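1. Need the 3D shape of this:
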Amino acid sequence: MIIYVDLLILINFFIDMLILIGTSVLLKRKTSFIRIIIGAFIGSISCLLLFYIHDNITLLVYKLLISMLMIIISFKYNSFRYFKDNLIWLYIISIVLGGSIYLVNDNISLKNNALVFNKNGMEINLILLLVLSPFIIYKYITQNRRREIVYSNYYDISIYYDNEVINDIGFLDTGNNLKDPFFSRPIILINKSLMRKKVNTFLIPFYTVNNHDLLEVFKPKKVIVNNRIIKRVLIGITDVNIDGIKIILNKEVL
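-> Below is the predicted model:
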């Protein structure tokens, strides 16, 4: 097997720099690009010692120490929690990137040589690394941020009525401004399939941009949203179902 040392250092530098940039963007760390370059350079140069370490425990400790050094150089040390979060997400992004590259490489590469190259499999692997690595990290960061935004609007809901209780997940829809037109009570919308028994309801008018209609509602005994008890609220019975979520919260109940 032929090992190109200069290429090995260059590829490791590129990957380490992407991972550090990804960590910085994901955690919104304020640092200079020079510090990231230095951290990536330390990581790339240190890979040469991997050929001389044959003990698995020593190798594990060595890799951990190098990762910690890269984090401190790139983001400084402000507190243990700050340092810990940086280190954890460095490894998470590394695992996501490494696993994704391995998966693609294993499926389409003519010669599977992992990250140590010989001339038969070098071109396809270099293309995968140089083109896919930034894309994978970018997609991971954007999807992770989207997930945080979406799931931050999910709440544990318990609705008590007539000796029954509905326990489910509710989604906070900032566009749900429905109110009782008589007493201005906010309205939580639920899918009628969640109702286990009939309850006394009444109709109230509601308006949308292009239409108006009547909504069937009832007054629950109480509603608990993330351990917070809410009594001044109405429950509207509809066919609402957003990606499996059957309870839509009103922003005024929080």
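2. For stretch 162-176, the averaged confidence score.
-> Mean pLDDT, computed over stretch 162-176, is 87.
3. And that stretch, what's buried?
-> Buried positions in stretch 162-176, judged by neighbour count with 16 or more other CB atoms under 10 Å: 166, 170, 171, 172, 173, 176. In short, each C-beta sits where N, CA and C put it, glycine included.
4. and it, how far from the chain's centre?
-> 24 Å (CA atoms, centre = their mean, to the nearest Å).
5. which other helices and strands contact the top helix by length along the chain?
-> Ranked by residue count and defined by DSSP state H, the top helix of the chain is helix 80-108. Where contact means 3 or more CB pairs under 8 Å, 6 or more residues apart in numbering; DSSP states H and E, helix 80-108 is packed against helix 5-27, helix 56-75, helix 122-127, helix 133-151.
6. Now for the most centrally placed residue in the chain: which residues touch it?
-> Note on the chain: the residue nearest the mean C-alpha position is residue 144, at 2.8 Å, using CA atoms, centre = their mean. Counting by CB atoms under 8 Å, 6 or more residues apart in numbering, residue 144 touches residue 26.
7. and it, how far is that from residue 17?
-> Distance from residue 144 to residue 17, counting by CB to CB, to the nearest Å: 20 Å.
8. Repeat that for residue 178.
-> Residue 178 is 50 Å from residue 17, by CB to CB.
9. cool, and residue 63?
-> 17 Å.
10. These two: who's more crowded?
-> Higher neighbour count among residue 63 and residue 17: residue 17, with 20 against 15, using other CB atoms under 10 Å.
11. ok, the buried residues of stretch 162-176 vs residue 221, which is closest?
-> Comparing the buried residues of stretch 162-176 against residue 221 with CB to CB places residue 166 closest, at 11.6 Å.
12. where does the stretch 151-254 of the chain have low pLDDT?
-> Counting by pLDDT under 70, the stretch 151-254 of the chain has low-confidence residues at 208-211.
13. closest one to residue 47 among the helices and strands packed on helix 80-108?
-> helix 5-27 (4.9 Å).
14. what are the C-alpha coordinates of the closest one, in CSV please?
-> The C-alpha trace of helix 5-27 is given here as CSV (Å, rounded to 0.1, in the frame of the first residue of the first chain):
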residue,chain,number,x,y,z
VAL,A,5,1.9,11.7,3.6
ASP,A,6,1.5,15.2,2.2
LEU,A,7,-2.0,14.2,0.9
LEU,A,8,-2.9,12.6,4.2
ILE,A,9,-2.0,15.8,6.1
LEU,A,10,-3.9,18.0,3.6
ILE,A,11,-7.0,15.9,3.7
ASN,A,12,-7.0,15.7,7.5
PHE,A,13,-6.5,19.5,7.7
PHE,A,14,-9.5,20.0,5.4
ILE,A,15,-11.7,17.7,7.4
ASP,A,16,-10.6,19.0,10.8
MET,A,17,-11.2,22.6,9.6
LEU,A,18,-14.7,21.7,8.4
ILE,A,19,-15.6,20.0,11.6
LEU,A,20,-14.3,23.0,13.7
ILE,A,21,-16.2,25.5,11.5
GLY,A,22,-19.3,23.3,11.8
THR,A,23,-18.9,23.3,15.6
SER,A,24,-18.5,27.0,15.6
VAL,A,25,-21.6,27.7,13.5
LEU,A,26,-23.8,25.2,15.3
LEU,A,27,-22.9,26.5,18.8
